[in-house]
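Visitor: Following is a predicted model, sequence given first.
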Amino acid sequence: MDVLSSRVLLRPVDLAATQQFYGDVLQLAVAREFGPAEQPGLVFFLGNGLLEVSGHRPPGSPSTLVLWVQVRDVQSELEQLAARGAKVDREARKEDWGLIEAWIQDPDGTRIVLVQVPGEHPIRRDVRESRQ
């Protein structure tokens, strides 16, 4: 498979509220807007990926999507997001696997995991050093 591009697609129950959350609360930049003016789809930049928020899903059908978003400082981001109205599901804490995580959710209940990789975590290890 020769993958040229990819994005995560999110079909919310309330399109306007969910787009407002990603645009105004998370403050993601819009990569593109498409579709009818009364219900446009939005594609947001999401680090090195893209998040498309468009269309609808029926009320009562739960979101199964989980977004994993790496940030520099989880606690600082969590405080800023809460001040802008994000619902905090779980405060920041260091996990058994060494990452610092906090959980928030969008208006549809989609979990967003904010992740900080501490300096001493193996993900940050330069594997080139072990080959010398």
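Guide: Yep, it's here.
Visitor: What are the buried residues along the lengthiest helix in the chain?
Guide: Longest helix in the chain by number of residues (criterion: DSSP state H): helix 74-83. Buried residues in helix 74-83, counted by 16 or more other CB atoms under 10 Å: V74, E77, L78, L81. In this view, the C-beta of every residue, glycine as well, is placed from N, C-alpha and C.
Visitor: Just the closest of those to F44, please.
Guide: L81 (15.1 Å; CB to CB).
Visitor: can you tell me which residues contact that closest one?
Guide: Neighbour list for L81: V25, L26, V88, I104, L114 [criterion: CB atoms under 8 Å, 6 or more residues apart in numbering].
Visitor: can I get the residues you listed in JSON lines with neighbour count, secondary structure and pLDDT?
Guide: Formatted as JSON lines, the contacts of L81 follow (neighbours: other CB atoms under 10 Å; DSSP: H, G, I helix; E, B strand; the rest coil; pLDDT from 0 to 100):
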{"residue": "V25", "neighbour count": "19", "secondary structure": "helix", "pLDDT": "97"}
{"residue": "L26", "neighbour count": "20", "secondary structure": "coil", "pLDDT": "96"}
{"residue": "V88", "neighbour count": "15", "secondary structure": "strand", "pLDDT": "96"}
{"residue": "I104", "neighbour count": "23", "secondary structure": "strand", "pLDDT": "96"}
{"residue": "L114", "neighbour count": "24", "secondary structure": "strand", "pLDDT": "93"}
